[in-house]
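Asker: Give me a model of this one.
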Amino acid sequence: MFKKLLSAAIIIGCIVVASYAIYSATNEVCNGEAKQLVEFENNGISYRMIPGNDLTCEVIRYKRGCEILRKGKKCDTSLQYKGSVAIPESVSYNGKEYRVTGICGMAFKYCDSLTAVFIPASVIKIGDNERDENIFEYCPLLEKIVVAHNNPVYDSREHCNAIVKTASNTLVAGCKNSVIPADIEKIGDNAFEGCSLLEEINIPAGVTAIGEYAFANCRALARITVDENNSVYDSRENCNAIIETATNSIVVGSNNTLVPKGITEIGKCAFMGRSILKSIALPVSVTKIGHRAFKGCVSLTEIEVPAPEIELGSHALNGSGWYNNQPDGFIYFKEWLADFKGEKKAEMALDIKEGTEKMVYLLLKNSCDKFTSVNIPASFTGSLFGCFIDVPEIERITVNPNNPVYDSREGCNAIIATATNTLMAACKNTVVPSTVTALHNDAFCYVKGLDSIYIPALVSNIGNGCFTGCSDLEKIVVDEENPVYDSRKGCNAIIETATNTLMAACKNTVIPQGVKTIAYDAFGRQEGIENIVIPEGVEVIESSAFRDCKGLKKVVLPSTLHRIDRWAFINCTALATIECRGAVAPKIDEQAFRGVPASAQLLYNEGDYTALKASFPGEIKKSNK
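Answerer: Here you go, the predicted model:
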């Protein structure tokens, strides 16, 4: 039966060709590894194979079209799969038979004319990530999903029109006609995302977990029920929503949801994209509206929030009818500065109006990245965590002198928590006052134009990622009287003295003798560094230590090194050579060099490094030196 469906589907839905056709051979990252990838087409389906890798291949997007489709980019419909598509167990290429074992993450996403997909027993990996992902996001007409009955990893039990991960009973991908089987335990991340014609869903008693964005942008979703025997979720009072019982939080809402009394939170993406929802009345018990909770609810013009104070997530109301009706400029919601709407112009000032108490997370990064000055009013007392990350143009920061929580003492061009003397947010003209005792996580994160920094004697705590992405930073000096940190031998770095851990670096850093550990994110996004010699004595390179150093070409590792942690060199896309001086290979996390090109070489003089093949995407060989 499956073979009949296979042949019929290819004729109906795909462009039939007489044989295969090669159209590219590229270096790309797929399933986390950079490889030389040959791509070809066979009977209207596009494949990508890895030469020499057990004669296997995976389905990719048709002719590699529209591999990145988010952020409003349109998709050329000639580069989409249409109608019914049946994936074969094997395909012929260059006189050899290749077994189809995977489907890449973007293969079918945004195929708005796709109606049915048949997955053979040979497919044992779906998506590009370590976890399984929904490969059918934003396929509104998809109505039939069939997995071969003898597939060892996935199934579509009980004709559910979904992909289920058999071992974990996780529904990975659904469509408009999906019916969740009774024995499903988890609905995966993004499982129904963009399923815009899905109208009704019933959550069985056994479902104990619902992933992020599971029902995001299900525009027509009108009816939701939860089995009354479910111990984790409920749909009390026929509310047409999924409520997490223990927390009284709505995790999924519909166009017809009536929020019951006693609900405390509207969860992340709970109503995202419900295009028919016109009004929502929240009870006084609701004190939190999560990230993207009502984003894209284009008909939602009336929002009743009686609670005197509320926590507002980023993009909670963006794209809603209420949001779209607001005039251009700063958008305020209750006590929150929620967003900026309209044209961004150079040298704009962020003058937060008096009465505003809080600002949503990542507001400036997402909406106000061209602002050159920020003025904090006396009323502002909320958290600043994440508010100033990656805002490169800011030159001036002032805090109203009557603010009871924050100050900008001595014209420092920074925001300081007065009670703790912690510098919370900075800009390129910040000068750290001598009275500051701590630099908060990400305080200088992605600040552009900052060329030097002086760490005073009283600073005893520097948070993670404090100087990540400060690519213009050339000079770092720690006061000689500082008992916790130092910048020994003019190294242009911050070193934790007691542990000899290098905490933060810049483009001119020279790692001095005596350092034992390169800390998390120490060189993160220092794109000006081309070569780094890690001296003898260094034993550990922590997670993300050199992440996104896109100019880094050569690294020399010492014989004392015994551990390289996860993502230590992730996305070092220019890295060509790693020289290892040790007779014993260090322990390397399998994701330490993710995103490093396949052309990179790891060279060693003595010992056996072949065991690192699983952790290094390039060639490992003995040096001729």
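Asker: Export stretch 598-617 to PDB, keeping only CA atoms.
Answerer: The C-alpha trace of stretch 598-617 is given here as PDB (Å, rounded to 0.1, in the frame of the first residue of the first chain):
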ATOM      1  CA  ALA A 598      35.300  21.300   7.400                       C
ATOM      2  CA  SER A 599      38.500  22.600   5.800                       C
ATOM      3  CA  ALA A 600      40.100  23.300   9.300                       C
ATOM      4  CA  GLN A 601      43.000  21.200  10.400                       C
ATOM      5  CA  LEU A 602      43.900  19.900  13.900                       C
ATOM      6  CA  LEU A 603      47.700  19.300  13.900                       C
ATOM      7  CA  TYR A 604      49.500  17.300  16.600                       C
ATOM      8  CA  ASN A 605      53.200  16.400  17.100                       C
ATOM      9  CA  GLU A 606      53.000  13.400  19.300                       C
ATOM     10  CA  GLY A 607      50.400  11.100  20.900                       C
ATOM     11  CA  ASP A 608      47.100   9.900  19.500                       C
ATOM     12  CA  TYR A 609      44.400  12.400  18.600                       C
ATOM     13  CA  THR A 610      42.300  10.200  16.400                       C
ATOM     14  CA  ALA A 611      39.700   9.800  19.200                       C
ATOM     15  CA  LEU A 612      38.800  13.400  18.600                       C
ATOM     16  CA  LYS A 613      37.200  12.700  15.200                       C
ATOM     17  CA  ALA A 614      33.700  12.800  16.600                       C
ATOM     18  CA  SER A 615      34.400  16.300  18.100                       C
ATOM     19  CA  PHE A 616      36.300  18.000  15.300                       C
ATOM     20  CA  PRO A 617      34.600  18.600  11.900                       C
END
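Asker: Tell me where the model's unsure across this structure.
Answerer: Within the chain, the stretches with pLDDT under 70 are 1-37, 50-53, 63-79, 129-131, 344-347, 361-370, 386, 389-390, 392, 625.
Asker: Nearest residue to residue 147 in space, ignoring adjacent ones along the chain?
Answerer: For residue 147, ignoring the flanking residues on the chain, the nearest one in space by C-beta to C-beta, 6 or more residues apart in numbering is residue 156 at 4.2 Å. For the C-beta atoms, the positions are set from N, CA and C on the backbone; glycine is no exception.
Asker: Report the contact partners of the one you found.
Answerer: For residue 156, the residues meeting the contact criterion (C-beta atoms under 8 Å, 6 or more residues apart in numbering) are 145-147, 162-164.
Asker: cool, residue 395 as well?
Answerer: 372-373, 413, 427-429, 449.
Asker: ok, and the most crowded of these?
Answerer: Neighbours here are counted as other C-beta atoms under 10 Å. On that basis the top member of the contacts of residue 395 is residue 427, with 25 neighbours.
Asker: distance of that one from residue 449?
Answerer: 8 Å (C-beta to C-beta, to the nearest Å).
Asker: what comes up buried for the helix or strand that contains residue 101?
Answerer: Element membership for residue 101, per DSSP states H and E: strand 96-103. For strand 96-103, a neighbour-count test (16 or more other C-beta atoms under 10 Å) marks 98-103 as buried.
Asker: right, and the helix or strand after that strand?
Answerer: Per DSSP H and E, strand 96-103 leads on to strand 114-119 as the next helix or strand towards the C-terminus.
Asker: Tell me the strands beside that following strand, with direction?
Answerer: Based on DSSP bridges, the pairing partners of strand 114-119 within the sheet are strand 83-86 (parallel), strand 144-147 (parallel).
Asker: quick check: angle from that strand to strand 96-103?
Answerer: Strand 114-119 and strand 96-103 meet at an angle of 110 degrees, taking axes from the mean of the first three to the mean of the last three C-alpha atoms, to 10 degrees as the criterion.
Asker: wait, which of the buried residues of strand 96-103 is closest to residue 495?
Answerer: Of all the buried residues of strand 96-103, the one sitting nearest residue 495 is residue 102; the distance, using C-beta to C-beta, is 45.1 Å.
Asker: I figured that closest one was touching residue 124, is that so?
Answerer: Yes. Under the contact definition of C-beta atoms under 8 Å, residue 102 touches residue 124, with a separation of 7.2 Å.
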